[in-house]
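Undergrad: this is a predicted model, with the sequence first.
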Amino acid sequence: MASRRIDDLHPLLAYAFGLALGEWRIRYPDRPQPILTATYRSPAEQDRLFRQPSDRIDNDGDGRIDEPDERVTAARAGESPHNFLPALAFDVAFQTADRKLDWSPRNFSDFAQLVLKSGGITWGGNFRTLPDAPHFELTGWKTFAKIGI
């Protein structure tokens, strides 16, 4: 399972998440609250996620096996910004007061506006292929990965 620790994030991402979370709590105290669902992800976990659409398992619990909507990543191990320490990406979800997850697109869009205020971050909701609303990454993360920052 992927890490959910803010300490595993690149400092720029940890800072941006913290600022956005604080502003969210002030602006939207009655809405579901953002939580980290993935920071660092091991190569083995990355490959498992990459294989979901062809692993002969019902990954999304809808009773069907190996369907297109089980595709959650186009990245193999080492090709994702989650695969580096510190992590160069994070994913979020939104938790209600009764601890249920809320996947409303509005939550992701509103939170993205807050995270993107920090600059230097790309939101997966704007990806052209395989949009990924829970995902945020350092812009140009491959350069960071190459130089080990």
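TA: The structure has been received and is ready for your questions.
Undergrad: quick one, helices of the protein?
TA: 11-27, 43-51, 105-115, 141-147 (DSSP state H).
Undergrad: per-residue pLDDT, Ser80?
TA: With respect to pLDDT, Ser80 has a value of 93.
Undergrad: tally of neighbours for the residue lying closest to Tyr15 once chain neighbours are set aside?
TA: Nearest residue to Tyr15, sequence neighbours excluded (C-beta to C-beta, 6 or more residues apart in numbering): Ser118, at 6.7 Å. Bear in mind the C-beta positions are built from the backbone N, C-alpha and C, glycine included. Neighbourhood size, Ser118 [other C-beta atoms under 10 Å]: 16.
Undergrad: and the gap between Ser118 and Arg76?
TA: Ser118 sits 29 Å away from Arg76, going by C-beta to C-beta, to the nearest Å.
Undergrad: worst average pLDDT in the helices of the chain?
TA: Among these, helix 43-51 scores lowest, at a mean of 82.
Undergrad: contact partners for Arg31?
TA: 24, 94, 107 (C-beta atoms under 8 Å, 6 or more residues apart in numbering).
Undergrad: please redo it, this time with the cut-off set to 7 Å
TA: Shown in contact with Arg31 (C-beta atoms under 7 Å, 6 or more residues apart in numbering): Asn107.
Undergrad: which residue lies farthest from the center of this protein?
TA: The centre of the chain is farthest from one residue, Gly63, which by C-alpha atoms, centre = their mean lies 25.3 Å away.
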